[in-house]
Every structure is written in structure tokens, then in C-alpha cells.
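[1] what follows is a predicted protein model with its sequence.
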Amino acid sequence: MAKNDDIKEIEDLPGIGEATAEKLRAAGYDTLEKVAVASPHELAEVAEMSVDAAKKAIEAAKNATKVEFITGMEEYERRQSVAKIDTNSKNLNQLIGGGIETRGITEVYGRFASGKSQIGFQLSVNVQLPPERGGLGGGVLFIDTEGTFRPERISEIATAKGLDYKSVLENIYLIRAGTTEEQILAVEHADKLIEEKNIKLIVVDSLTALFRAEFVGRSSLGERQQKLAAHLHKLQSLADKYNLAVYITNQVMDNPAVSFADPTTPIGGNILAHAATVRLYIKKSRENKRVVRLVDSPFLPEGECVIKITSEGISD
Ligand code: GTP
Ligand code: MG
């Protein structure tokens, strides 16, 4: 019999073969959660199985969908261990409560050339600094989905911080993903690299571009959102497991439904809105200035700040 960990779909439940699974699905029992809360008699009837067998299937579904809880004290301790990466801008640090947090996902969305990738480069340098200089003394996993990673630019930013650019670049593990599968697998297989190289920052630049390109049209929206949700879930679990920071970038679309103010909406819908711990909207201003707005945070007030992009990187 399958171990609980191996039970992922209703077919994996004891006593449920393909034909029975079909009957269950037809009756609306298409997930483990739905089976877990079914009554044995109901299930026995629709699946044409014995009540005893139905009880066993329900028990297994319950075990496979266990709800994990922690105490308030455990959550307090978890929060105490959160560390922060200096963004290189005091204004921006202040806006987000001190820096980019570990154990969470920070999203920056905005139009092209607004500075999303530049912030990712700056963080890739700063995370390598020791804690007393605003870093975490760790390495970077950089997932580049747009081919816009620029080692020369990193080198410039690193040199401005007084670091040896070669060792900074050696400590950035780059994956060029050309498909959503490659992007997803890069994260699924990240554990070993994270452990061996003490990765403290994962950058996904951009999180949504490939998803947007591959899943076109309304009919594929459900599948896209499902894949995106699983991908984000994995990123969050890595952030938690290894106490690391996740930085993701996202594009905007023009939203004709909003006819006033700034009609731009980030891609990814509710799935992304809920997954990101901190959401920032970055917008071009005059010259090299950028306005960064804190859009959504469970524990910080909304607000705005101005940053600059100079040859040395991000600054006030
Ligand atoms: P997309 O990936 O196209 O959606 O844009 P993005 O938001 O990632 O933009 P990115 O971070 O690549 O920002 C590009 C902008 O950063 C440029 O238009 C410049 O204004 C600025 N920039 C990039 N490199 C330098 C530099 O070396 N010096 C200065 N002063 N500005 C730079
Ligand atoms: Mg970019």
C-alpha cells in the first residue's frame, strides 16, 4: 500500500482503481480534500464499493491532507529568525521595514525599464555582504527567464561596494530558463544547491513572463494559475526551510477596467497577490529617479519612496 506521502491524487487511495476514481470524479469527488470530508455511505454509494472500503479510503485521504498547525510561540520564534537584506537605499529599506526579508517572497512589478532587474542585481551583491554591512553572507540562485542577466552590471555594483567582482560573480548560480518547465524544475531541484552553496537569495526575473507567453487565451488561464500557484508554493517553502529571501519580478498589463489614476495591474491575479509577502510597484520618474510604492503588506503601512538608479547601483 502507498505511504501517505505518496498519496497525491484520489487514484492513490487504497481500494480505488482507475474505474472507481472515474466514478468519484463524475460525482464531484475530484480531490483528496473532498474525499476526506465525505461520509462513508455517500462515498460507498457513488463509488459502488463497500462501506468499509469507503471508510478506509476516507481515513487515508484524511491522513494525506493533514493540516499542520504550529503554536503562537513557534510563529513568534519563526518571525524572530527573519533576517533582512539591505536594498542599498535607506528610503526603500524604511518603506519595507528594514530590508528584503527572508522567509518571504518580495515582488516588484512595473513597466519595462522601471528598474526591477536592477534591484535584483543590487540584492545579488548585497546578500553576499556580512550581516554588519547589511547582507547575509550567502550566495544567490538567479533564475533568468528573459536573458537580461548582466554580469558586467553586477561587476560594476560589486566594485562600488568595495568587493572583488570575480568572487561576487562566482557566488551567483545562474539558470537561464527558456520554458516554464525549466523555470519550475530549477526551483524543484534547488535544495542541493542551496545547502551546498549557502544560498540566501533566490531571484526569479521574471516570474511571469514565460507563463504569460506560453499560456495564451482564456481557456488556458486555469492551468496557468494552477502551475504558477505550485511554483510559488515551492518558492515559499524553500524560503521557510532555509531562512532565505525570494525576490521576484513581474510585468504589468494595461487594465482598461480602471479608467482613472494609473491603469496598470500586475500579471498573475489573486494567486500572486496572495503569495507575495511584500508587493512593490516601481514607476519611472524624472531622470534616474524611480517611485516605489508599497502595495500590499500584512504588517506595514502603505507608502511610497523615491530611489535612484546610478552607475553604482540603487541609492537614495
Ligand atoms: P524589463 O525587464 O524590461 O521589464 O525592465 P526592468 O524593470 O527590469 O528594468 P531594468 O531593471 O533593466 O532597468 C533598466 C534601467 O535601469 C535603464 O533604463 C536605466 O535607466 C537604468 N540603468 C541600467 N543600467 C544602468 C547604469 O549602468 N547606470 C545608470 N545610471 N542607470 C542604469
Ligand atoms: Mg528586467
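    Cool, got the structure. Ligands and ions are numbered 1, 2, ... in the order given.
[2] for the rest of this, base every contact and every neighbour count on C-alpha atoms.
    Noted.
[3] tell me the contacts of residue 302?
    293-296 (Cα atoms under 8 Å, 6 or more residues apart in numbering).
[4] and this protein, which residues reach ligand 1?
    Proximity of the chain to ligand 1 (Cα under 6 Å from any ligand atom) is limited to residues 111-118, 288, 309-311.
[5] from those, pick the one nearest residue 157.
    Distances from residue 157 to those, taken as Cα to Cα, are shortest for residue 311 (7.6 Å).
[6] does the closest one really touch residue 155, like I thought?
    No: contact between residue 311 and residue 155 fails when scored by Cα atoms under 8 Å: they sit 11.0 Å apart.
[7] these two: who's more crowded?
    For residue 311 versus residue 155, neighbours defined as other Cα atoms under 10 Å are more numerous around residue 155 (21 against 11).
[8] backbone torsions only: list them for the residue lying closest to residue 239 once chain neighbours are set aside.
    Of all residues not flanking residue 239 in the chain, residue 103 sits nearest, at 4.4 Å (Cα to Cα, 6 or more residues apart in numbering). When read as degrees, to the nearest 10, the backbone of residue 103 gives phi 70, psi 20.
[9] quick one: contacts for residue 103?
    Residues near residue 103 by Cα under 8 Å, 6+ apart: 82, 236, 239-240, 242-246.
[10] which member of the residues you listed is positioned nearest ligand 1?
    Ranked by distance to ligand 1 (Cα to the nearest ligand atom), the contacts of residue 103 are led by residue 246 at 16.1 Å.
[11] does the closest one belong to a helix, a strand or coil?
    Under DSSP: H, G, I helix; E, B strand; the rest coil, residue 246 falls in the strand class.
[12] you'd agree it is up against residue 202?
    Yes: using Cα under 8 Å, residue 246 is in contact with residue 202, at 4.8 Å.
[13] overlap in contacts, those two.
    With Cα under 8 Å, 6+ apart, residue 246 and residue 202 have no common neighbours.
[14] read off the pLDDT value for whatever residue is furthest in space from the centre of the chain.
    Most distant residue from the mean C-alpha position of the chain: residue 50, 43.2 Å away (Cα atoms, centre = their mean). Here the pLDDT value assigned to residue 50 is 95.
[15] then residue 192?
    At residue 192, the pLDDT recorded in the model is 97.
[16] do the one 3 residues further on as well
    Taken from the predicted model, the pLDDT recorded for residue 195 is 98.
[17] pretty sure it is in a helix, no?
    Yes: using three-state DSSP, the assignment for residue 195 is a helix.
[18] residues contacting it?
    Taking Cα under 8 Å, 6+ apart, one finds nothing in contact with residue 195.
[19] how near is it to ligand 1?
    Residue 195 is 28 Å from ligand 1, where distance means Cα to the nearest ligand atom, to the nearest Å.
[20] before we move on, what about residue 298?
    Residue 298 sits 25 Å away from ligand 1, taking Cα to the nearest ligand atom as the criterion.
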